[in-house]
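*Asks:* build me a model:
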Amino acid sequence: MGMRAEPGANPTRLLVVEDEEVLNDLLATFFVDEGFQVATALDGRRALEMIETGDFDAVILDLGLPGLDGKRILAEALARWPDLPMLVLSGYITPDDREGLLKQGASAVLSKPTDLAELASNVRGLLGNAAPKG
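*Replies:* Numbering: from 1, shown residues only. Take a look at the predicted model:
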């Protein structure tokens, strides 16, 4: 867990919340290579602490997390920061789950496994459209 960044002026700050360490590291490395500043969390409690104390531009959030589950993190984070783009990435998504998560305020919902280029495209799209939701 920590902050990794490529040198550069004000990179976009991204929080990756994923309890599978290998996938967490893969996503962090991928997004650093894409020019983002990346912080990671392996459990729900740590993720919520980091959201509360960090100044993130977007969050990639797994649902099945130890500590607090992703749905609770989504609800608590968006209650305080309704404009924070949050992309849910989970292996356990039904069409009803997807609809419910979007109604709850998720900016996007993707199933694992996902194509990294598609994931990056979604994140960039959210950052370009990070206006308040009406």
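*Asks:* against Arg124, how distant is the most centrally placed residue in the chain?
*Replies:* Among the residues of the chain, the one closest to the centroid is Ile60, at 1.3 Å (C-alpha atoms, centre = their mean). Summarising the geometry, the distance separating Ile60 from Arg124, computed by C-beta to C-beta, to the nearest Å, is 12 Å. Quick note: C-beta positions are derived from backbone N, CA and C, even for glycine.
*Asks:* kindly report the same for Phe30.
*Replies:* In this structure, Phe30 lies at 13 Å from Arg124, with C-beta to C-beta as the measure.
*Asks:* mean confidence score for the strand or helix carrying Leu102?
*Replies:* Secondary structure assignment for Leu102, by DSSP states H and E: helix 95-104. With pLDDT averaged residue by residue, helix 95-104 scores 94.
*Asks:* with stretch 77-90 instead?
*Replies:* So the average pLDDT for stretch 77-90 ends up being 94.
*Asks:* just the CA atoms of it, as CSV, please.
*Replies:* Output of stretch 77-90 as CSV, limited to C-alpha atoms (Å, rounded to 0.1, in the frame of the first residue of the first chain):
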residue,chain,number,x,y,z
ALA,A,77,-17.8,7.9,0.1
LEU,A,78,-20.5,9.3,-2.2
ALA,A,79,-22.5,10.6,0.8
ARG,A,80,-19.6,12.9,1.5
TRP,A,81,-18.1,13.4,-2.0
PRO,A,82,-20.9,13.0,-4.4
ASP,A,83,-18.8,14.1,-7.4
LEU,A,84,-16.0,11.6,-6.8
PRO,A,85,-15.9,9.2,-9.8
MET,A,86,-16.1,5.6,-8.6
LEU,A,87,-15.8,2.7,-11.0
VAL,A,88,-16.8,-0.6,-9.6
LEU,A,89,-14.8,-3.6,-10.9
SER,A,90,-16.0,-6.9,-9.6
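*Asks:* could you pull out the strands for this structure?
*Replies:* Chain-ordered strands for the chain, with DSSP state E as the definition, fall at 3-4, 13-17, 37-41, 58-61, 86-90, 108-111.
*Asks:* need the residues that contact the fourth one.
*Replies:* Outside strand 58-61, the residues that touch it by C-beta atoms under 8 Å, 6 or more residues apart in numbering are 12, 14-18, 27, 47, 51, 70, 73-74, 77, 84-89, 106-107, 119, 123, 126-127, 130.
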